[in-house]
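> Give me a model of this one.
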Amino acid sequence: MSREMLDTCAAALAAAKKAGAKDAKATLAKARFVDIQYRERKPETIKEATTQGLYVEIYVDGRYSAQSTSDLRPAAIEGFIANAVAMTRLLAEDPYRSLPDPRYYQGRSSADLGVFDPAGGALTPEQRHELTRAIEDAALAAGGPKVISVTAGTSDQLYEMATLSTNGFTGETQSTVYSAGGQMTLQDEGDRRPNGYYYVSTRLRRDILDPRTIGQRTAQRARDLLGAKKIPTATLPVIVENQGVGRLLGGLVSAMSGGSIQQKRSFLADQQGRKIASEQLTLIDDPLLLGGLGSAPFDSDGFPARQRTLIERGVLKEFFVDWYYGRKLGWEPTTGRSSNLIIPPGRRSVAEIMKDLGRGIVVTSFLGGNSNSTTGDTSVGILGYLFENGVRTQPIAEMNVADNHLKFWQKLAEVANDPWIYDSWRLPSLVFTDVVVSGV
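Okay, here's the model as predicted:
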């Protein structure tokens, strides 16, 4: 990482002080990304771009603002900062806005988190196109005669960031992300057109799945939806597939933020120390996970990364509380948002679990729906398949699950052994009992 980035941040802080700011924080971020998509065996989208931006937080006369610019010429930065300070003085006072107490910066890990691929720059345009074509070819070969369309895509990104604050914080990060996947639409009975998709992301290029595997799984997920239909409303065991658990868990996690609690929009506000789920649920936030897509040595406040157990055997232990909302709530800050969310895996596979459940539904994806962070009420449409005695019997669609998070998570009966590792939320499939699934 270039020393020039830190020098630019230092110049921004000097300009802020010169313009009369009490404190300031400057963050310079640079990103280079390449995105390729193929459709009908030819490139549909080719994007390559490099972006950079200076993000500055200003504290002056008890007031606060955050502003950004992409013009990094020294004279332009000085003028931008002077205007930012002048505009901040026009805002209402906020006594809770300040830079964190520097003692919270102590204890940062110096370990290599494995989030930067030094070989990333060796990826050639020809290799990018070859990878994307291979995904599309494999999907088309496995899709069968009912294929309407296939879209295959790959992307890679290099991200660099440097940040300084007037109270002594200094931080730098450098990371890479590689993504690959496909989407397929098939012709079904009547005018139904089921759509299946499969995408993976990793920090290191070598960890991306073989493109033929990605294409084949894209096709399989689409074909699994052929002939899907409603079944009569029933109370059944439901297995939520690992790739879809995040959609369900998001409604619970959103209510754990300090902002939601302070603004009285969280159904978990008074639940700390209480049992909000079955003993099967333990939820860990680990920003130090090697190679994790959410891993970083410090958070947006500059607090050093550390593992936190948010829910332990169903009991709510911690919230996501940043410096600002910690001050407003009068609480000790933790961290403002999730990094790598982990539910520790169980011992059995989904196939093994299905054999013991008799008749039930495996949910492979969700459609629409909503989750109310104030009340905990949630309702989602589901796609998946019905099974009996471990055997898939028919695909299902146009069905709905509605419940309240404080009741629904009490129904968690088992955690499978298949964490999805291609996302920052590393979640295994989850088994719920006595779920009302609305259909015909």
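> which helix of the chain spans the most residues?
helix 125-143 (DSSP state H).
> next SSE after that one?
The C-terminal neighbour of helix 125-143 among helices and strands, as given by DSSP states H and E, is strand 147-165.
> which secondary structure elements does that following strand contact?
helix 3-18, strand 23-39, helix 125-143, strand 170-186, helix 211-223 (3 or more C-beta pairs under 8 Å, 6 or more residues apart in numbering; DSSP states H and E). Bear in mind the C-beta positions are built from the backbone N, C-alpha and C, glycine included.
> Identify the residue spatially nearest to the residue most central in space within the chain, adjacent ones excluded.
Centroid check for the chain by C-alpha atoms, centre = their mean gives residue 424 as the closest residue, at 5.6 Å. Among residues not flanking residue 424 along the chain, residue 294 sits closest, at 3.4 Å (C-beta to C-beta, 6 or more residues apart in numbering).
> Any figure for the gap between that neighbour and residue 212?
According to C-beta to C-beta, to the nearest Å, residue 294 stands 28 Å off from residue 212.
> now residue 139
9 Å.
> Just the strands from the stretch 301-440 of the chain, written as ranges.
308-312, 315-316, 341-342, 359-371, 377-388, 391-404, 412-415, 425-426, 430-438 (DSSP state E, counting those that start in this stretch).
> Residue 378 reaches residue 400, doesn't it?
No - contact criterion C-beta atoms under 8 Å: residue 378 and residue 400 do not qualify, at 10.8 Å.
> Can you get me a residue count around residue 111?
Look at residue 111: counted by other C-beta atoms under 10 Å, it has 11 neighbours.
> where does the residue nearest to residue 424 fall, phi/psi-wise?
phi -110, psi 10 (degrees, to the nearest 10).
> so who does residue 311 touch?
Contact partners of residue 311, counting by C-beta atoms under 8 Å, 6 or more residues apart in numbering, are 276, 277, 281, 282, 283, 317.
> Which PyMOL command selects the buried ones in the residues you listed?
With 16 or more other C-beta atoms under 10 Å as the burial test, the buried ones among the contacts of residue 311 are selected in PyMOL as follows:
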select buried, resi 276+277+281+282+283
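> Quick check: which ranges of the stretch 301-440 of the chain have low pLDDT?
440 (pLDDT under 70).
> For residue 79, see how far away residue 73 is.
For residue 73, the distance to residue 79 - C-beta to C-beta - is 9 Å.
> More neighbours: those two, which one.
Using other C-beta under 10 Å, the more surrounded residue of residue 73 and residue 79 is residue 79, with 15 against 10.
> Can you work out which residues contact both of residue 378 and residue 400?
Joint contacts of residue 378 and residue 400 (C-beta under 8 Å, 6+ apart) are residue 369.
> who's more crowded, these two?
A direct count of neighbours by other C-beta under 10 Å for residue 378 and residue 400 places residue 378 higher, at 20 against 17.
> residues near the residue lying closest to the more buried one once chain neighbours are set aside, how many?
Nearest non-adjacent residue to residue 378, counting by C-beta to C-beta, 6+ apart: residue 371, 4.1 Å away. Neighbour count of residue 371, defined by other C-beta under 10 Å: 20.
> contacting residues around residue 95?
residue 62.
> Would you verify that it is located in a strand?
No - under DSSP: H, G, I helix; E, B strand; the rest coil, residue 95 sits outside any strand and is assigned coil.
> Local confidence estimate at it?
Per-residue pLDDT puts residue 95 at 96.
> Phi, psi for it please.
phi -70, psi -10.
> Could you measure from residue 232 over to residue 436?
From residue 232 to residue 436 the distance is 12 Å (C-beta to C-beta).
> The two: which has the busier surroundings?
residue 436 (13 against 8).
> Now the closest residue to that one other than its chain neighbours: which helix or strand?
Distance criterion C-beta to C-beta, 6+ apart; nearest residue to residue 436, sequence neighbours excluded, is residue 235 at 5.3 Å. Assigned by DSSP H and E, residue 235 belongs to strand 234-240.
> That strand: partners in the sheet, and parallel or antiparallel?
strand 359-371 (parallel), strand 430-438 (antiparallel) (DSSP bridges).
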